[in-house]
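> curious how this folds, go ahead:
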Amino acid sequence: MAGRDHKGGLPPEWSGVILDSISEGIFTVDRDFRITWFNRAAREITGVPREEALGSYCFEVLRAEVCETACPLKETLRTGKPITGRRVHILKADGTRIPVEIGTALLRGPDGEIAGGVETFRDLSAEEALREAAEGKERLGEMVGRSPAIREVFRLIARMASSDATVLIQGESGTGKELAARAIHDLGPRAASSF
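Sure thing, here's the model as predicted:
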């Protein structure tokens with residue numbers, strides 16, 4: 001039958017076509033954590049072009065909060081055990097922080113030796129937005145809330161974003177000052193510039 005090899009499987013050149021048709025982001029890394037494969041969905045989710053991703057360290061592309069402290073791919077390479085359903089946040093190329101669910105597995109070469117790892121990730125932004133809407137929450141950038149006080153903060157941020165004035169954000173540690181600053185930047189006329 002056309003399109004099949006002598007063992008009844010798919011030709012090897014089809015693997016790229018198949019991996020690019022999947023809606024989950026998929027990338028592979030070598031043992032040094034440099035990206036060796038990056039599918040279409042990975043490009044769309046991260047906003048990083050394939051040419052830029054290939055050869056880069058995975059932490060440079062995903063920029064997840066766990067990359068330096070509790071990297072799931074490092075854990076899989078160390079333990080040999082796959083990881084499924086772990087939720088983390090990554091930073092897209094434009095600086096947007098999005099929730100994703102990841103899975104990892106070992107990548108073995110033809111000789112059975114560990115050649116690196118593979119990671120899949122799925123964008124959870126739409127699911128999270130639906131959940132927040134069902135709970136009556138509003139969102140501005142990465143800030144979420146439903147109280148009248150947070151709605152007033154959202155209104156003030158929107159007003160400040162259109163101003164050229166310098167803004168001083170004060171508050172206790174952990175109150176979201178960085179999120180407010182990011183929202184002001186992202187809503188303002190300098191959103192296309194670096195933060």
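
> ok now stretch 48-64, how far from the chain's centre?
How far stretch 48-64 lies from its chain's middle: 11 Å, per Cα atoms, centre = their mean, to the nearest Å.

> ends of that stretch, how far apart?
Distance between the two ends of stretch 48-64: 14 Å, counting by Cα to Cα, to the nearest Å.

> can you list contacts of it?
By Cβ atoms under 8 Å, 6 or more residues apart in numbering, the surrounding residues in contact with stretch 48-64 are 27, 29, 32-38, 42-43, 46, 67-68, 71, 73, 88-91, 93, 100, 119, 121. Bear in mind the C-beta positions are built from the backbone N, C-alpha and C, glycine included.

> swap the cut-off to 7 Å and go again
Residues outside stretch 48-64 that contact it (Cβ atoms under 7 Å, 6 or more residues apart in numbering): 27, 29, 33-35, 38, 43, 46, 67-68, 73, 88-91, 93.

> where's residue 100 relative to residue 56, distance?
18 Å (Cβ to Cβ, to the nearest Å).

> pull up the pairing partners for the lengthiest strand in the chain, direction included.
Ranked by number of residues, the top strand in the chain under DSSP state E is strand 97-108. For strand 97-108, the paired strands and their directions (DSSP bridges) are strand 83-91 (antiparallel), strand 114-123 (antiparallel).

> highest mean neighbour count out of these?
Looking across the strands paired with strand 97-108 with neighbours counted as mean count of other Cβ atoms under 10 Å, the highest average goes to strand 114-123: a mean of 20.

> the helix or strand of the chain with the lowest mean pLDDT: what's the following helix or strand?
Using mean pLDDT, DSSP states H and E, strand 138-140 stands out as the lowest-scoring helix or strand of the chain, at a mean of 68. Next along the chain after strand 138-140, taking DSSP states H and E as the criterion, comes strand 143-145.
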